[in-house]
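1. pasting a predicted model and its sequence here:
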Amino acid sequence: MNLNLRFPSLALAALLAAFTLPAAAHDYRVGPLHIDHPWARPTVPGQQSGGAFMKIANRGEVDDKLLSAHSPVAASTEVHSMTMDGHVMRMREIPELPVPAGQTVELRPGGYHVMFMGLRAPLKAGESVPLTLRFERAGEVTVAVKVEMRAQPAQPAGGHGTGGHHHH
Ligand SMILES: [Cu+2]
């Protein structure tokens, strides 16, 4: 009976270790897809949403698509595009993000990104949070998103700042 009682905590410990140990390499493979350096910006208390970014390279010969993303840190997690509408940057959820064969798709500030909606706690610099990505062909992979400050290009008002989040 001891084994039965212990197993859940060992499994949990292994799960937690999986999110903290591979920080040095910080890239992931699922099938022919390589996911490089997932990261997110720190958020301030009360901030409802935050963006996550990474590069996804498809080294295979078949097109794939990112269909959805999930994370326990947020009430919901969406894949967004960002486009200029006049002088205002607008984000919208997209049903799928194509990852064509032989190409690299970059999720970056001002472009495609994963959006944590309804953050359960602020994202703190130095932490890593789990994010599960579901691809049409390659399947699911859970990556550790590093929360870190990075130099950002200047952005117009209404973009991915600490407050604005536009849905249209
Ligand atoms: Cu967004």
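-> Nice, I can see it. Note that the structure is a prediction, hence the values are computed from the model and not measured.

2. check this structure for its longest strand and report it.
-> The longest strand of the chain (DSSP state E) is strand 74-85.

3. now tell me what touches that strand from outside.
-> Applying C-beta atoms under 8 Å, 6 or more residues apart in numbering, the set of residues contacting strand 74-85 from outside is 49-51, 66, 68-71, 89-94, 96-97, 110-120, 131, 159-160, 168. No exception for glycine: its C-beta is placed from N, CA and C like everyone else's.

4. can you narrow those down to the ones near the ion?
-> 91, 115 (C-beta under 5 Å from the ion).

5. any of the contacts of strand 74-85 buried? List them.
-> Buried by 16 or more other C-beta atoms under 10 Å: 49-51, 66, 68-69, 71, 89-91, 97, 110, 112-117, 119, 131, 159-160, out of the contacts of strand 74-85.

6. how near is the residue positioned nearest the centre of the chain to the ion?
-> Nearest to the geometric centre of the chain sits Ala52, at 4.2 Å (C-alpha atoms, centre = their mean). According to C-beta to the ion, to the nearest Å, Ala52 and the ion sit 10 Å apart.

7. so what's the residue count around Met54?
-> 25 (other C-beta atoms under 10 Å).

8. Three-state assignment for it, please.
-> Three-state assignment for Met54 (DSSP: H, G, I helix; E, B strand; the rest coil): strand.

9. next one: phi and psi at the residue lying closest to it once chain neighbours are set aside?
-> Of all residues not flanking Met54 in the chain, Pro38 sits nearest, at 3.9 Å (C-beta to C-beta, 6 or more residues apart in numbering). Note on Pro38: its backbone torsions stand at phi -70, psi 130 [degrees, to the nearest 10].
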